[in-house]
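Visitor: Sequence and computational prediction follow.
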Amino acid sequence: AQSVTQLDSQVPVFEEAPVELRCNYSSSVSVYLFWYVQYPNQGLQLLLKYLSGSTLVKGINGFEAEFNKSQTSFHLRKPSVHISDTAEYFCAVSEQGYSTLTFGKGTMLLVSP
Amino acid sequence: SAVISQKPSRDICQRGTSLTIQCQVDSQVTMMFWYRQQPGQSLTLIATANQGSEATYESGFVIDKFPISRPNLTFSTLTVSNMSPEDSSIYLCSVDGQGIGGYTFGSGTRLTVV
């Protein structure tokens, strides 16, 4: 069975600074990887996904993530954050050929002026 | 990607009662998923619902507590039965509308049991 570890429960950052949210996974088979964002009192929105191909994945709102198979990581990055990026970010994994997602515990990104 | 309409968006219920949550998808999908997000926690899969068959429940979730219906390829309901304050959570439905990798989520139902 797969598992996901998000190493930081909360990441405070100033506006226009770069940010990296860390995600590591564990699985005995090949996986698909996802990052979702949840704004306050809202559902989940897909930021980006890695299915195959290039290990650098670009998503919405200027976010990108890099799949590192040897490190079993899928860290999310943004070069310059905005106040509006304040939200909960979830990393998720599914085993190839199987539809169920396993989520990490989430990282709260707090952007201050 | 698929668009999901989930309702109600929130409700406050008395303990011992039941609440049925509905999810309507704008396209036909094979699998629908129901998740629970307890306060301050991540998402936990409750069950997977396929049209025309019994839902498959994850460990720790049972059909008597969380009965699910899947009458067609665009609709599903989750009922939270005999509620207690511990059931206070956000419940979300999800579909894999584009095959693997196209997971879409409803906006969630915020349930408070008093």
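Guide: Okay, I see it. Numbering: from 1, shown residues only, chains lettered A, B, ... in the order given.
Visitor: which SSE is the residue positioned nearest the centre of chain B in?
Guide: Note on chain B: the residue nearest the mean C-alpha position is residue B:34, at 3.5 Å, using C-alpha atoms, centre = their mean. Using DSSP states H and E, residue B:34 falls within strand B:31-37.
Visitor: contacting residues around whichever helix or strand comes after that strand?
Guide: Later in the chain than strand B:31-37, the nearest helix or strand by DSSP H and E is strand B:43-50. If you take C-beta atoms under 8 Å, 6 or more residues apart in numbering or on different chains as the criterion, strand B:43-50 is touched by A:44, A:90, A:99-103, B:30-38, B:55-58, B:61, B:66, B:68-70, B:76, B:78, B:91-92. Glycine gets a C-beta too; all of them are placed from N, C-alpha and C.
Visitor: Selection in PyMOL covering whichever of those are buried, please.
Guide: Selecting the buried subset of the contacts of strand B:43-50 in PyMOL, with 16 or more other C-beta atoms under 10 Å in any protein chain shown as the burial test, is done by:
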select buried, (chain A and resi 44+90+99+100+101+102+103) or (chain B and resi 31+32+33+34+35+36+37+55+57+61+66+68+70+76+78+91+92)
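Visitor: Contacts only, for the residue nearest to the centre of chain B.
Guide: Counting by C-beta under 8 Å, 6+ apart, residue B:34 has contacts B:45-49, B:66, B:68, B:76, B:78, B:91-94.
Visitor: now do residue A:14
Guide: Here residue A:14 is in contact with A:111-113 (C-beta under 8 Å, 6+ apart).
Visitor: now the chain, which segments are flagged as low pLDDT?
Guide: All of this refers to chain A. Chain A contains residues with pLDDT under 70 at A:97-98.
Visitor: not quite, I wanted chain B
Guide: Using pLDDT under 70, the flagged stretches of chain B are B:97-102.
Visitor: Since that was my last question, I'll sign off now.
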